[in-house]
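sequence first, then the predicted structure, then my questions.
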Amino acid sequence: MNLVQRASLAAFLFLPCLIPLCGIVAAHSQEARPAGPAAPGQVANPSYMVIGFVGGYVSSTNMAHAEVQLAASLRNSYSSDVYVGAFENHKGAAAYEEIIRLLDADHDGTLSPQEKKKAHIIMYGHSWGASECLQIARMLDKIDVPILLSIQVDSVAKPHQDDGLVPANVLEAANFFQSYGHLHGRAEIRAADPSRTKILGNYALDYKTNPVKCKGYPWWDRVFAKYHTEIECDTAVWDKIESLIRAKLPASDQVAPVPTPAIPPAAAPKQ
């Protein structure tokens, strides 16, 4: 085999590895507009905050993803006193700064004990976004800011992050996961202090037995992260998550959806 033939063969073998990478770069390049700030009409100092994190390199404005759809649904339901923000998982610092800004009712640049006690924060995320939830919770724990509820969906730990140990400032936490494929979520979360944090459940989903058809996702997600993608587009899972969140919020301006049947916790979580 001559040099030209060897080069052609190498390019052919490398192409399948290059295509998913191109997709990630393309998704990353679409993140021109951060979507953290509240929509017009939301109050400056809300009594409640809901912070969502998308996974991977997904844009927080990409309505194909359930995290963004949920934020839009909640924002439409609560026109006052509830802030709803969606963030890319690598923009955790911006989310943290937004939380501090919204808690600082007197705008003096510091949080008083009274301002911290008034915090009613809910966080949710998928994949790396789930990992980012606990990262932000730990940052808030250092300044004694409580979290009402944290929800992780097929959580994948980001480098130098622990997505399994829920800090003590989180009052309640839930974990939804599936265990198949190269990319799958953490099967169990646990409380750093069980006397302060209630783990609502580690809920196992099986998409080999019960596949879900996903729309609006690129083909490489459906091929290389099939089950990890299916949990993200499983409406039953996200209806349950929305019910958990709405249960913590005041009465909405619109009629809330009928809660879906509970998903049973995993009998024996798998790692």
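Happy to help now that I have it. Numbering: from 1, shown residues only.

CA atoms for contacts and neighbours, from now on please.
Noted.

which of the residues in stretch 203-223 are buried?
Across stretch 203-223, burial judged by 16 or more other C-alpha atoms under 10 Å covers 203-205, 207, 212, 214, 221-222.

now Cys167, nearest residue through space, not along the chain?
Let me fix one detail, which is that residue 167 is Pro and not Cys. Nearest non-adjacent residue to Pro167, counting by C-alpha to C-alpha, 6 or more residues apart in numbering: Ala192, 5.4 Å away.

give me the sheet partners of the helix or strand in which Gln152 is found and which way each runs.
Assessed by DSSP states H and E, Gln152 sits inside strand 147-153. Sheet pairing of strand 147-153 (DSSP bridges) gives strand 121-126 (parallel), strand 170-178 (parallel).

and those strands, which is most packed in?
Among the strands paired with strand 147-153, strand 121-126 has the highest mean neighbour count (mean count of other C-alpha atoms under 10 Å), at a mean of 28.

specify the angle between the helix or strand hosting Cys133 and strand 121-126 in degrees.
If you go by DSSP H and E, Cys133 is part of helix 128-141. Relative orientation of helix 128-141 versus strand 121-126 (axes from the mean of the first three to the mean of the last three C-alpha atoms, to 10 degrees): 150 degrees.

against which helices or strands is helix 128-141 packed?
strand 48-54, helix 92-103, strand 121-126, strand 147-153 (3 or more C-alpha pairs under 8 Å, 6 or more residues apart in numbering; DSSP states H and E).

other residues contacting the third one?
Strand 121-126 is contacted from outside by 48-55, 67, 130-133, 146-155, 232, 245, using C-alpha atoms under 8 Å, 6 or more residues apart in numbering.

the last one now?
Contacts made with strand 147-153 from outside it, assessed by C-alpha under 8 Å, 6+ apart, are listed as 119-127, 130-131, 133-134, 137, 169-177, 185, 231-232, 241, 245, 248.

so where do the helices sit in the chain?
Counting by DSSP state H, the chain has these helices, from start to end: 3-29, 66-77, 92-103, 113-117, 128-141, 219-224, 226-232, 235-246.

would you turn the strands paired with strand 147-153 into JSON lines with mean pLDDT and distance to Tyr96?
Putting the strands paired with strand 147-153 into JSON lines (pLDDT from 0 to 100; distance: least, C-alpha to C-alpha, whole Å) gives the following:
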{"stretch": "strand 121-126", "mean pLDDT": "98", "distance to Tyr96": "11"}
{"stretch": "strand 170-178", "mean pLDDT": "98", "distance to Tyr96": "15"}
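
turn those strands into CSV, columns for distance to Met63.
Below are those laid out as CSV (distance: least, C-alpha to C-alpha, whole Å):
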stretch, distance to Met63
strand 121-126, 14
strand 170-178, 21
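
can you tell which of those strands is closest to Val237?
Proximity to Val237 (C-alpha to C-alpha) singles out strand 170-178 among the strands paired with strand 147-153, at 7.9 Å.

what angle do helix 235-246 and the closest one make with each other?
Using the same axes, to 10 degrees, strand 170-178 lies at 180 degrees relative to helix 235-246.

CA atoms of strand 170-178 as PDB?
Output of strand 170-178 as PDB, limited to C-alpha atoms (Å, rounded to 0.1, in the frame of the first residue of the first chain):
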ATOM      1  CA  VAL A 170     -30.500  21.300  50.300                       C
ATOM      2  CA  LEU A 171     -33.800  20.400  52.000                       C
ATOM      3  CA  GLU A 172     -35.000  17.800  49.400                       C
ATOM      4  CA  ALA A 173     -33.400  16.100  46.500                       C
ATOM      5  CA  ALA A 174     -34.500  13.700  43.700                       C
ATOM      6  CA  ASN A 175     -32.500  11.700  41.200                       C
ATOM      7  CA  PHE A 176     -33.800  10.300  37.900                       C
ATOM      8  CA  PHE A 177     -31.400   7.900  36.000                       C
ATOM      9  CA  GLN A 178     -31.000   5.200  33.400                       C
END
